[in-house]
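S.K.: 3D, please:
(chains A and B)
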Amino acid sequence: MSFELRDHTADVAVAASAPSLSGLFAAVADGLAAAGCEEIPDAGGERFPVEVRAEGVEALLFDYLDQLVYERDVRAVLPVDNEAEVRDEGTEWALSGSARGVPLGDVDAREVKAVTYSEMRVAETADGWEAYVVFDV
Amino acid sequence: MTDDDVKQFGDIRLERVREHVWEMPREGEMRVPARVLASEQLLEQIRQDKTLEQLRNATHLPGMTKHAICMPDGHQGYGFPVGGVGATDAEEGCISPGSVGYDINCGVRMMKTNLTYEELEGKEEELVDALFANVPSGLGGGGIVQGDVDAVEGVLSRGVDWALEHGHAVEADLAHCEDEGRRPDADPDAVSQKAKDRGKNQLGSLGSGNHFLEVQRVTDVYRDDVAAEFGLEADQIVVLIHCGSRGLGHQVCSDYLRRIEKEHGDLLDSLPDKELAAAPAGSRLAEEYYGAMCAAINFAWVNRQLIMHRTRRVFERVFGRDWEAMEMDLLYDVAHNIAKKEVHDVDGEERELYVHRKGATRAFPAGRPELPSTYRDVGQPVIIPGSMGAGSYVLRGGERSLDLTFGSTAHGAGRTMSRTQAKQEYWGETVRDELRDQQKIYVKAQSGATVAEEAPGVYKDVDEVVRVSDELGIGDKVARTFPVCNIKG
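M.R.: Numbers count the residues shown, from 1 in each chain, chains lettered A, B, ... in the order given. Below you'll find the model as predicted:
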């Protein structure tokens, strides 16, 4: 799985791809961390769980990233090394995951305010899945 | 109409109505035409990204009245463009959280002093260090107030009144803030616990990105009579504070976008961009969002108030005088990201509208009843921050703003370059050193990357933005200021 930061006049976008939907969500989440911090330490910080449910795949991605931004603010940590398992449960989609929370005091990080729906795309490709997400900074 | 009066940018056609006014004619699903207020120079920059496409999308919002409008500093945002103004009918239209933006009541305030630049010279480093040490900025830096449940509830419901009661304001601060620092429609119960959780540790903090606190000197005065009414004169030191509602406001927007998606999916499906999410006027959700947004507006006003009052204390220590003796009085506080119910004349009829200003500033001329008595006969102060290497401006609401822009003008210089590109083109430490050595501007930031992202070269020419505002008569040039010290997250 991989991600890259894309140009946006005012904000920042993340383009990600992965063989699986679960890997895709984790890649976008890692992109969110990279959008606010150039140098993420390889170690340090405790892992914490993330659980999200939503009515569709895009909604699940929005809520997942929104939850990570929330956790960042209330735990005062930068969520990195994200892991996610995405499940289609019929009437709704669910994500169980975790992130390593690096204390904000240990990194040179800037604020990503929120995830947006603007130009959001989650699509299946011949090689797996890809996504595009714009973040408000 | 000559060839010079028509611009074709892809599938978007603009026709010149008159100098600096370009109209995008109504076609397809557009409910109204759109207008771009720009010189040829600014239009050339505006057309480079998706600003015009986003402006056209905004005309699809139900109840959109007269035009969706792009200000001279417009640029691509998400959903609605930054620098966008859209007025929707408050009975039959909608209110759109996506057209307000995440940072509800992001805005600026300017505090005056009676200090001159000469008195400050030689103390720049001491002052910038003291401000940086005492005004929380960046991620996880906490706030001036460690908010508990009661504090957050009080701030959300009472705005700057709460700050006054707790010793962070004086009466005159309320009188010089839009709505006297308190939105009467605020409903703290409509703000989620998640939003309150995020806000309670950030009360009185700058955040990061383009937010800053800047000590400036007045370099030019263009209208002596208005400047005198505002209490501004050449060489005077002023302080400009730019920030918003922090995580609390961001969460309010996210929460209501999702609720609209679940409860008004039919309306959402009719819009060309999901980020324009809107609740129908009169719906329960529209009322709840309005109450929550107004509460977040209060939070942002208190946030800027706390920072301003802390700044007074910092000046006391650096200059060895009481802040009252330095006449550190609030000039005005203006909001950039907001939707407000306002009554406007539309084709001779008085109508109540939700005026969405996303990266745009209210610019009411003299006579509007909403203005504080101090400015009712002269027009409201409008503060236009430039980049940290360029001037900022104080305008006053222009006579033509009500006719052209629902009483609005620009909010800043407007970006021209992405943050990722900025970090490739600039090195934060180099930018900082050059500003100090070449322009005597002292910058202190949590991160070199922030300085690079906010380098002066990534912004439009603020002088040109203000020239267009002034010539259109939507915001009249009163004074120009220039940075001395700048802190950012």
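
S.K.: all strands for the stretch 251-400 of chain B, in order.
M.R.: B:279-280, B:330-335, B:337-346, B:349-358, B:361-362, B:381-384, B:392-397 (DSSP state E, counting those that start in this stretch).

S.K.: give me the contact list for the fourth one.
M.R.: Contacts with strand B:349-358, where a contact means C-beta atoms under 8 Å, 6 or more residues apart in numbering or on different chains, come from B:65, B:77, B:80-91, B:93-96, B:99-101, B:281, B:335-346, B:406-408, B:411. Glycine gets a C-beta too; all of them are placed from N, C-alpha and C.

S.K.: how far does it sit from its chain's centre?
M.R.: Its chain's C-alpha centre and that of strand B:349-358 lie 18 Å apart, by C-alpha atoms, centre = their mean, to the nearest Å.

S.K.: who does it pair up with?
M.R.: strand B:80-89 (antiparallel), strand B:337-346 (antiparallel) (DSSP bridges).

S.K.: also the fifth one?
M.R.: According to DSSP bridges, strand B:361-362 forms sheet pairs with strand B:408-409 (antiparallel).

S.K.: could you pick out the longest helix of chain A?
M.R.: helix A:57-75 (DSSP state H).

S.K.: buried sites along the following helix or strand past it?
M.R.: Following helix A:57-75 in sequence order, the next helix or strand is strand A:77-88 (DSSP states H and E). The neighbour-count check on strand A:77-88 (16 or more other C-beta atoms under 10 Å in any protein chain shown) flags A:V77, A:L78, A:P79, A:V80, A:D81, A:N82, A:E83, A:A84, A:V86 as buried.

S.K.: contact partners for the residue nearest the centre of chain A?
M.R.: For chain A, A:A29 is the residue whose C-alpha lies nearest the centre (C-alpha atoms, centre = their mean; 1.8 Å). By C-beta under 8 Å, 6+ apart, the contact list for A:A29 reads A:Y64, A:L65, A:L68, A:P79, A:N82, A:A84, A:G97, A:A99.

S.K.: I'd like those as a markdown table, with distance to chain B appended.
M.R.: Output for the contacts of A:A29, formatted as a markdown table (distance: C-beta to the nearest C-beta, whole Å):
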| residue | distance to chain B |
| --- | --- |
| A:Y64 | 12 |
| A:L65 | 10 |
| A:L68 | 12 |
| A:P79 | 12 |
| A:N82 | 18 |
| A:A84 | 19 |
| A:G97 | 18 |
| A:A99 | 16 |
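
S.K.: OK, contacts around the closest residue to A:P103 other than its chain neighbours?
M.R.: Using C-beta to C-beta, 6 or more residues apart in numbering or on different chains and skipping the chain neighbours, the partner closest in space to A:P103 is A:V77 (5.7 Å). For A:V77, the contacting residues are A:G45, A:F48, A:E71, A:G101, A:V102, A:P103, A:L104, by C-beta under 8 Å, 6+ apart.

S.K.: go on, B:F80?
M.R.: Per C-beta under 8 Å, 6+ apart, neighbours of B:F80: B:Q54, B:N57, B:A58, B:G86, B:S96, B:G98, B:S99, B:G101, B:E275, B:L276, B:H356, B:K358.

S.K.: okay, now the first one: neighbour count?
M.R.: Close neighbours of B:Q54, defined as other C-beta atoms under 10 Å in any protein chain shown, add up to 27.

S.K.: got the contact list for the strand or helix carrying it?
M.R.: Secondary structure from DSSP H and E places B:Q54 in helix B:51-58. With contact meaning C-beta under 8 Å, 6+ apart, helix B:51-58 is reached by B:9, B:12, B:14, B:24, B:30, B:34, B:36, B:46, B:64, B:68, B:70, B:74-77, B:79-81, B:83-84, B:86, B:99, B:271-273, B:276.

S.K.: how about a cut-off of 7 Å?
M.R.: Residues outside helix B:51-58 that contact it (C-beta atoms under 7 Å, 6 or more residues apart in numbering or on different chains) are B:9, B:12, B:24, B:30, B:34, B:46, B:68, B:70, B:74-77, B:79-81, B:84, B:86, B:99, B:272-273, B:276.

S.K.: for the contacts of A:V77, which one is nearest chain B?
M.R.: Ranked by distance to chain B (C-beta to the nearest C-beta), the contacts of A:V77 are led by A:L104 at 3.1 Å.

S.K.: residues from the stretch 201-350 of chain B in reach of chain A?
M.R.: B:207-209, B:247, B:250-251, B:253-254, B:257, B:261, B:273-275 (C-beta under 7 Å from any C-beta of the partner chain).

S.K.: out of those residues, list just those in helices.
M.R.: Per DSSP H, those map to helices at B:G247, B:H250, B:Q251, B:C253, B:S254, B:L257, B:E261.

S.K.: so what's the residue count around the third one?
M.R.: Using other C-beta under 10 Å, the number of residues around B:Q251 comes to 30.

S.K.: that one is in contact with B:K196, isn't it?
M.R.: No - look at B:Q251 against B:K196 with C-beta atoms under 7 Å: they stay out of range, at 8.5 Å.

S.K.: next to chain B, which bits of chain A? Give me the list.
M.R.: A:5, A:7-12, A:38, A:59, A:66, A:70, A:73-74, A:76, A:104-105, A:108-111, A:113-114, A:116-118, A:134, A:136-137.

S.K.: filter the residues you listed down to the ones in helices?
M.R.: Reading helices off the residues of chain A next to chain B with DSSP H, I get A:A59, A:D66, A:Y70, A:D73, A:V74.

S.K.: does the helix or strand containing B:Q424 reach chain A?
M.R.: Per DSSP H and E: B:Q424 is located in helix B:419-425. Yes - contact of helix B:419-425 with chain A (C-beta under 7 Å from any C-beta) involves B:R419, B:T420, B:Q421.

S.K.: buried only: go through these for me.
M.R.: B:R419, B:T420.

S.K.: in a markdown table: the residues of helix B:419-425 next to chain A, plus distance to B:E40 and pLDDT.
M.R.: As requested, these are exported to a markdown table (distance: C-beta to C-beta, whole Å; pLDDT from 0 to 100):
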| residue | distance to B:E40 | pLDDT |
| --- | --- | --- |
| B:R419 | 27 | 85 |
| B:T420 | 28 | 84 |
| B:Q421 | 24 | 87 |
